[in-house]
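Trainee: show me the folded form of this:
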Amino acid sequence: MTAVRTSARRERVRAATIVEIKQTALALMHEQGTTNVTFTDIARAMGVTPPALYRYFADHHELLTALITDGYDDLGRAVAQARDAVPGDDLAGQWLAAAEGYRHWARREPQQFALIFGLPVPGYVATQEGPTTEAARRAMGQLAAIFGEAMRGGRLGPPRVRDVHPAIEACAAVKAEELGAAFPPDTFQAMLHCWASLHGFIVLEAYGHFDWMEPEARDALFASHATLAAEAAGFPVPAAGPAGM
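Mentor: Numbering: from 1, shown residues only. Modelled structure (predicted):
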């Protein structure tokens, strides 16, 4: 029993140290304004020698992979929690809530956002079918799930843009199994339009390009932007009432 307790204690210490390494790396990214922090930087901040970190991560590449995977998983949870807070019969409301959850996560976790969607870290290349790819699929699948539910329930109307290039049709066919649904090509295209539109706004905001606007104005612009994307995709967005209603 003593050996079991000792082993469990070691595992707790190891897990806590891994968390500390990750948190230190993210803090340094924020402080230095770059995602390209070194083991030497992290070790110095933690008060240990660089070789000590190799007991927890084989190299800098493995640490970045863990941080990016964590980022995608955190994003996916934020989007899912925001979406699931809205009743399932309000699909447009779920989309708008998910969009807001995505935005709030980017503002709350700028370092993770930069790791996932910012400039590539020099020398880092994710594997085609590795943990970061799987985590990205899980995160983006939270948005796709809203489209799938709307389509299966017959509540998703035709998108604004119906013309689809054959290359997009082929892409939709390839992605059908991964998405868990065979989306019509125009709906698949609309889903990509939604994601690109949403992400574009968030990137502009994350890098300060909307700082000239008051926060209330930015919030209102985002809400109308997400609504426009939902309407263009065919979601049943309720018509706005008269001002003040």
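Trainee: now the most centrally placed residue in the chain: phi and psi?
Mentor: The residue lying closest to the centre of the chain (Cα atoms, centre = their mean) is Leu75, at 4.0 Å. Dihedral angles of Leu75 (phi, psi; degrees, to the nearest 10) stand at phi -60, psi -50.
Trainee: which pLDDT value goes with the closest residue to it other than its chain neighbours?
Mentor: Of all residues not flanking Leu75 in the chain, Ala139 sits nearest, at 4.7 Å (Cβ to Cβ, 6 or more residues apart in numbering). (Each C-beta comes from the backbone N, C-alpha and C, glycine too.) Each residue has a pLDDT score; the one for Ala139 is 86.
Trainee: show me what contacts Ala139?
Mentor: 72-73, 75-76, 79 (Cβ atoms under 8 Å, 6 or more residues apart in numbering).
Trainee: the same query, at a cut-off of 7 Å, please.
Mentor: Ala139 sits next to 72, 75-76, 79 when contact means Cβ atoms under 7 Å, 6 or more residues apart in numbering.
Trainee: wait, Asp74 touches Leu115, no?
Mentor: No: using Cβ atoms under 7 Å, Asp74 makes no contact with Leu115, being 10.8 Å away.
Trainee: pLDDT at Gly88, what is it?
Mentor: 81.
Trainee: now do Pro238
Mentor: For Pro238, the predicted pLDDT is 67.
Trainee: repeat for Thr133
Mentor: Model confidence at Thr133 (pLDDT) stands at 84.
Trainee: check Asp59 too.
Mentor: 89.
Trainee: so where's the chain uncertain?
Mentor: 1-5, 128, 238-245 (pLDDT under 70).
Trainee: other SSEs contacting the longest helix anywhere in it?
Mentor: As assigned by DSSP state H, the longest helix anywhere in the chain is helix 2-32. Other helices and strands packing on helix 2-32, by 3 or more Cβ pairs under 7 Å, 6 or more residues apart in numbering; DSSP states H and E, are helix 39-46, helix 60-84, helix 110-117.
Trainee: would you reformat these as a markdown table and include distance to Gly93?
Mentor: Formatted as a markdown table, the helices and strands packed on helix 2-32 follow (distance: least, Cβ to Cβ, whole Å):
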| stretch | distance to Gly93 |
| --- | --- |
| helix 39-46 | 42 |
| helix 60-84 | 9 |
| helix 110-117 | 25 |
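Trainee: between those helices, which gets nearest to Thr187?
Mentor: The closest of the helices and strands packed on helix 2-32 to Thr187 is helix 60-84. By Cβ to Cβ, the value is 18.3 Å.
Trainee: compute the number of surrounding residues for Gln81.
Mentor: 14 (other Cβ atoms under 10 Å).
Trainee: ok, now how distant is it from Arg152?
Mentor: Shown here: Gln81 relative to Arg152, a distance of 22 Å by Cβ to Cβ, to the nearest Å.
Trainee: domain parsing of the chain, as residue ranges.
Mentor: 1-57, 73-117+129-233 (automatic domain parsing).
Trainee: quick one: distance of the longest one to the chain centre.
Mentor: When C-alpha coordinates are averaged (Cα atoms, centre = their mean, to the nearest Å), domain 73-117+129-233 and its chain have centres 9 Å apart.
Trainee: hang on, Gly101 packs against Ala82?
Mentor: Yes: judged on Cβ under 7 Å, Gly101 makes contact with Ala82 at a distance of 2.7 Å.
Trainee: for Glu100, what are its contacts?
Mentor: Ala82.
Trainee: where's it relative to His193, distance?
Mentor: The gap separating Glu100 from His193 is 18 Å, by Cβ to Cβ.
Trainee: what do you get for Arg162?
Mentor: With Cβ to Cβ as the criterion, Arg162 and His193 are 12 Å apart.
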